[in-house]
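Engineer: structure here, sequence nowhere to be found:
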């Protein structure tokens, strides 16, 4: 098994070679978010509270914020509700974009808009089916895990030990459920990779193959997945630290923070593409290893 | 040393071998209770004998007694508290007794040997609910003369309810409060609102607390050995009995209630502040955060000592009930209170501190200044909430005292004011309403609006004068029973001495609006208008005599600025308006706030660029401060900041969702 770090580096290089892929993910999310953010800004600017809210520029002020919400809570609520359809739309677009990304990464072709869009269109239906199946799996696995740990809590903990043993069981439950949900996410990811590689039509079969692949290549698959997860978490913590220390006391600082925010989002989009590249490489590597294992055996017969 | 229980009880019950804590007494000690009580932890019952002495404090003979039997609120679905709570007052624990509780007074024998229990009957002075058994009326064979005392021995048994409100048991934790036959308060004519001498003894309501006379308590509590006990007062004796029980004797002076807690699963931490012993009882798993309670209670002691008055008792017991007994949390009793906590609450979320500080301050407003919690709950809860915000904000920072986590922060006063300003209907009732008559959600008036009223009073008269008012109030009314009128009298006495009559001869106008009225306060900076100033027209005087000028639109270099301030609410308060001009100068205008609209006009080469009503936030009662400012100065920084924030977090949400699925 190739060292995970090398797969990670190769994946990042592969994603960087085709920057259009990460850019597509970034731009798509940016546009969706910008619609709501701009509507929010326009709404606040149009209220008669805008002058009073000026101190919020330098620091958060709970009194101003709460009075504003008391007065304009309904409108803000309507804006917040508008996030839901946009989030669904964003999900659908991301699912479709994945077809183009994976087809380019697995074919190792140079970027062409036509090729990218062809990939998007070719796999759109199948990936949307994967998306719905993964949603169902996430709900099912989450439900099962919660049931198991609720049962364990009822069995092993009592009101008297709720704060010690109960909390421990809950913590283990959260970690275990998180782990299982990551497995489902990985199954969905590799199902898409295998579908692109094999151009398969049955998504149930793809999910099953993906699950078997993950079991077979557990070390690599989990290693790559968790390495990317750690990098993402690190990036996020780095951002929080930057925001914490920067503040927004002036226009310059605000501009600086905006640049940092968007760099973080660009990095996240590229990491997403790189993860796909890593998964494609791991799948190809595993297939090659299997071929090598089969070939001598075939030669021997 | 093991001593037979009966012998021990007899010795302890028969005498009071303890030196007095307060000499002279701090209160007039109308009552003296001596109680022997045994807790059966398996049956969840109490068996008690109470020797009570009551002195008639009035100038007229009193022919009856009235006792609170609070535990009967948990007796059945007919009790007033149960009806008011919609049946949620008792939690069914699935046991044979179903979580219900009651108290049964089996005997009341007067000192002359007369048994008066058969004469007694239940009364329901508040709602005429004949089925409510929380007030026992006992006619006396002969009246108690003015200044005379009457002694009696009372036997009672009680079953503790499953812990749901303030009292009862949960697993092995016992919160034993409102557990013994407790006399109401006989209010002589002229005391509080009494037009004639009468008992003030309300039924137990779902949303009210308590009211009782000051006195002394000598209580012997017999519990299983190994139980940790915390109680009102000071422990003066402890004996292990041969039957596996232990008897603990507590004495409390100049208090008006006695509560105790018992459990085998409590760890103890002791600390001191000056001469005061601080005793903290909590689940062992939470000991690691005991410092949080100790730190904030010391801060509160320091602050209250400096700004209100001294905590005079020798001991303070803080109980942090375990999670399974959380219903016992957040309640005050004399020299003992329960707080709220959890091992999961991080340091930056100061809910445990907030609860501890709040319940401690009740030692002042409830414990020492013993207003009637039934009738004027705002006087204890509101005053306590007000000082809670002052202590928390002073110690942890005004904008960070409640939560300060990952850049998000808000202060305790902000939280308290929000409790009022976010009410669905802040006009629902006057704050000074009998607590049990307040509509649902009315607790926000009691706690949050009162605290905001007091903060507004402080804003208007200044912190120094406010402190003078509160120290005078504490000095005059500690160990007594003031009413709202008494507090207002102190304000009317102190404020004119320091502020003169700039707010009027008294402050009744203030309290009539904010305490006894239902209106809200909302001032708005409605507009700033700038217009050119034309030359005078018509027949005008000049050096060359009267001339006709009639050229339209001839303009000076000057401009006219009009700042319009409106009163949108009903409440009228004096308010400041800060006006800033284009040359950088500022003008602080004073307005009596009475008219619906007030226009400030300025003419000059410099124009108004910004105006703010109540710029110093002296009137936190203003229910909407986001209409307080108008400005020609750009506020785009704030708009872009929140545009960036919303954009970034939405991008993250969309990205995370896409990554997961």
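Structural biologist: Arrived safely. Please read these numbers as outputs of a predicted model, since none were measured by experiment.

Engineer: count the neighbours of residue 121 for me.
Structural biologist: Went with chain A since none was named. 12 (other CB atoms under 10 Å in any protein chain shown). For every residue, glycine as well, the C-beta is placed using N, CA and C.

Engineer: hm, I was asking about chain B
Structural biologist: 11.

Engineer: now swap in residue B:533 and tell me
Structural biologist: Neighbours around residue B:533, by other CB under 10 Å: 13.

Engineer: kindly report the same for residue A:244.
Structural biologist: Neighbour tally, residue A:244, other CB under 10 Å: 10.

Engineer: I'd assumed residue A:260 was in contact with it.
Structural biologist: No - using CB atoms under 8 Å, residue A:244 makes no contact with residue A:260, being 11.8 Å away.

Engineer: spatially nearest residue to residue A:116, not counting backbone neighbours?
Structural biologist: Closest residue in space to residue A:116, ignoring its immediate chain neighbours: residue A:100 at 4.1 Å, by CB to CB, 6 or more residues apart in numbering or on different chains.

Engineer: no, scratch that, I was asking about residue A:166
Structural biologist: residue A:157 is the one closest to residue A:166 (CB to CB, 6+ apart), at 4.1 Å.

Engineer: quick one, phi psi at that neighbour?
Structural biologist: Backbone torsions of residue A:157, given as degrees, to the nearest 10, read phi -120, psi 160.

Engineer: burial of it, as a residue count?
Structural biologist: Using other CB under 10 Å, residue A:157 has 18 other residues around it.

Engineer: tell me the contacts of it?
Structural biologist: A:165-166, A:169 (CB atoms under 8 Å, 6 or more residues apart in numbering or on different chains).

Engineer: tell me which of those residues fall in strands.
Structural biologist: Taking DSSP state E, every one of the contacts of residue A:157 sits outside strands.

Engineer: with those in mind, which one is nearest to residue B:337?
Structural biologist: Using CB to CB, residue A:166 comes nearest to residue B:337 of the contacts of residue A:157, at 26.2 Å.

Engineer: isn't that closest one right up against residue A:153?
Structural biologist: Yes - counting by CB under 8 Å, residue A:166 touches residue A:153, with 5.9 Å between them.

Engineer: the residue in the stretch 201-301 of chain A that chain B sits nearest to: how many residues sit nearby?
Structural biologist: Proximity of the stretch 201-301 of chain A to chain B (CB to the nearest CB) peaks at residue A:261, 4.3 Å away. Residue A:261 has 20 neighbours, counted by other CB under 10 Å.

Engineer: for residue A:12, same thing?
Structural biologist: 19.

Engineer: just the helices in the stretch 201-301 of chain A please.
Structural biologist: A:203-216, A:218-246, A:251-300 (DSSP state H, counting those that start in this stretch).

Engineer: show me the shaky parts of the stretch 151-300 of chain A.
Structural biologist: Residues of the stretch 151-300 of chain A meeting the criterion pLDDT under 70: A:294-300.

Engineer: find the nearest non-adjacent residue to the closest residue to chain B within it, please.
Structural biologist: The nearest approach of the stretch 151-300 of chain A to chain B comes at residue A:159, 3.5 Å away (CB to the nearest CB). Among residues not flanking residue A:159 along the chain, residue B:324 sits closest, at 3.5 Å (CB to CB, 6+ apart).

Engineer: does chain A sit close to the longest helix anywhere in chain B?
Structural biologist: As assigned by DSSP state H, the longest helix anywhere in chain B is helix B:636-660. Yes - judged by CB under 8 Å from any CB of the partner chain, helix B:636-660 and chain A are in contact via B:637-644, B:646-648, B:650-655, B:657-660.

Engineer: packing partners for that helix?
Structural biologist: The helices and strands touching helix B:636-660, judged by 3 or more CB pairs under 8 Å, 6 or more residues apart in numbering or on different chains; DSSP states H and E, are helix A:19-46, helix A:62-107, helix A:167-198, helix A:251-300.

Engineer: tell me how many other residues surround the closest residue to residue A:103 other than its chain neighbours.
Structural biologist: For residue A:103, ignoring the flanking residues on the chain, the nearest one in space by CB to CB, 6+ apart is residue A:119 at 3.1 Å. When neighbours are defined as other CB under 10 Å, residue A:119 has 24 of them.

Engineer: residue A:119 and residue A:101 touch, don't they?
Structural biologist: Yes - between residue A:119 and residue A:101 there is a contact at 7.5 Å, judged by CB under 8 Å.

Engineer: how about residue B:457: what's its closest non-neighbour residue?
Structural biologist: Nearest to residue B:457 is residue B:466, by CB to CB, 6+ apart, at 6.5 Å.

Engineer: which residues does the host helix or strand of that neighbour contact?
Structural biologist: For residue B:466, the host element (DSSP states H and E) is helix B:463-477. For helix B:463-477, the external contacting residues (CB under 8 Å, 6+ apart) are B:307-309, B:364, B:368-369, B:454, B:457-458, B:461, B:482, B:486-487, B:490-491, B:493-495, B:498-499.

Engineer: quick one: which of those sit in helices?
Structural biologist: Reading helices off the contacts of helix B:463-477 with DSSP H, I get B:307, B:454, B:457-458, B:461, B:486-487, B:490-491, B:493-495, B:498-499.
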